[in-house]
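Visitor: sequence first, predicted coordinates after that:
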Number of protein chains: 2
Amino acid sequence: MNECCTVNMTVRYLTKKWTLLIILELFKGDNYSRRFSELKESLPGITAKILSERLQELEAENIISKKIDASVVPIRSDYTLTEGGVELIGVIRDIKYWALKWKIDNIPCGSQECKICRL
Amino acid sequence: MNECCTVNMTVRYLTKKWTLLIILELFKGDNYSRRFSELKESLPGITAKILSERLQELEAENIISKKIDASVVPIRSDYTLTEGGVELIGVIRDIKYWALKWKIDNIPCGSQECKICRL
DNA sequence: TAATACTATGAACGAGTGCTGCACGGTAAA
DNA sequence: TTTACCGTGCAGCACTCGTTCATAGTATTA
């Protein structure tokens, strides 16, 4: 439907609800890592289904990696930013800087609802 | 519906069909400038309506500026990348580099259909 | 014995958005 | 009268996104 292009596809993923926030949560975690339940807690309002979906997408995109510890019960799932994922933070920062520099009527960030601009 | 955030909003605009291509066309033009009809010609398949819409959006975002020469008939409309728009090219490049570096199964760019990767 | 914690997946539904197609508007030169 | 030029408005289709509810498996805890 849209143009075939890695740029476009990449950007497209980032627009999905929660995706940026999930990446940022992982970035803040020890070793850029978080558990499923931790993510869910730190993202009030997200449903397990959507979180699961986004994590799968990010894994498919090689932005995060997943490690399941099935020896423990209940199961632990750890999600970690890949090297590429960590570098993506830099790209997101660049976008943010551009936006802050050139957007006159930007949405007031730093508000409680927006965690992205705390980068 | 989505998170309020300039980053998110910015990225969101870039995902729309034709937007990236329009920006690139302007970037290639003399003085980063193009006329409506020139844009339409160089983007086969785009309709006047969509081109018009995208240009309006980009203008509202301060990425391009518009100049109408009503003294001539038929009317001439010139669209030019703003300073911010030109800087945005750098951001798009960064996204592209990231994508090329980290995406294993990226869509084959350089194909005829994709003009974005010629950046 | 039953409930709870944890990590999911699937189906159905509703809302929204993006894009297309078509019609229509104006003016001046050819 | 047609063409070049630059749009706008409306109708409608298709797709996507997100929510909600149902389900599932296991081991510890009450």
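Guide: Yes, it's here. Numbers count the residues shown, from 1 in each chain, chains lettered A, B, ... in the order given.

Visitor: just the CA atoms of stretch A:70-84, as PDB, please.
Guide: Written as PDB, here are the backbone C-alpha positions of stretch A:70-84 (Å, rounded to 0.1, in the frame of the first residue of the first chain):
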ATOM      1  CA  ALA A  70      11.300 -21.800  31.700                       C
ATOM      2  CA  SER A  71      13.200 -23.300  34.600                       C
ATOM      3  CA  VAL A  72      11.400 -20.900  36.900                       C
ATOM      4  CA  VAL A  73       7.700 -21.000  37.500                       C
ATOM      5  CA  PRO A  74       5.900 -18.800  36.800                       C
ATOM      6  CA  ILE A  75       7.900 -18.400  33.600                       C
ATOM      7  CA  ARG A  76      10.200 -15.400  33.300                       C
ATOM      8  CA  SER A  77      10.600 -13.600  30.000                       C
ATOM      9  CA  ASP A  78      13.300 -11.100  29.600                       C
ATOM     10  CA  TYR A  79      13.400  -8.600  26.800                       C
ATOM     11  CA  THR A  80      16.600  -6.800  26.000                       C
ATOM     12  CA  LEU A  81      17.500  -4.100  23.500                       C
ATOM     13  CA  THR A  82      19.800  -5.400  20.900                       C
ATOM     14  CA  GLU A  83      22.900  -3.400  19.800                       C
ATOM     15  CA  GLY A  84      20.800  -2.100  17.000                       C
END
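
Visitor: model confidence over that stretch, on average?
Guide: Across stretch A:70-84, the average pLDDT comes to 85.

Visitor: which residues touch that stretch?
Guide: Contact with stretch A:70-84 is made by A:23, A:26-27, A:31-36, A:39, A:55, A:58-59, A:62-69, A:89, B:98, B:101-102, as judged by Cβ atoms under 8 Å, 6 or more residues apart in numbering or on different chains. C-beta coordinates here come from the backbone N, C-alpha and C atoms, glycine included.

Visitor: tell me where chain A has strands.
Guide: Listed in chain order, the strands of chain A (DSSP state E) span A:33-35, A:64-69, A:76-81.

Visitor: buried residues, the first one. List them.
Guide: Looking back up the chat, that one is strand A:33-35. By neighbour count with 16 or more other Cβ atoms under 10 Å in any protein chain shown, strand A:33-35 contains the buried residues residue A:34.

Visitor: for it, the distance to its chain's centre please.
Guide: Centroid displacement of strand A:33-35 relative to its chain, using Cα atoms, centre = their mean, to the nearest Å, is 12 Å.

Visitor: by contact count, what packs against it?
Guide: Judged by 3 or more Cβ pairs under 8 Å, 6 or more residues apart in numbering or on different chains; DSSP states H and E, strand A:33-35 is in contact with helix A:19-28, strand A:76-81.

Visitor: now do the last one against helix A:19-28, angle only.
Guide: In this case it means strand A:76-81. Put simply, strand A:76-81 runs at 100 degrees to helix A:19-28, going by axes from the mean of the first three to the mean of the last three Cα atoms, to 10 degrees.

Visitor: does strand A:76-81 come close to DNA strand C?
Guide: Yes: Strand A:76-81 reaches DNA strand C (Cβ under 7 Å from any atom of the strand) through A:76-77.

Visitor: buried residues, that strand. List them.
Guide: A:77-81.

Visitor: quick check: of these, which lies closest to DNA strand D?
Guide: Closest approach to DNA strand D among these (Cβ to the nearest atom of the strand): residue A:77, at 10.7 Å.

Visitor: that closest one and residue A:85, how far apart?
Guide: According to Cβ to Cβ, to the nearest Å, residue A:77 and residue A:85 sit 16 Å apart.

Visitor: also residue A:14?
Guide: Applying Cβ to Cβ, the value for residue A:14 to residue A:85 is 12 Å.
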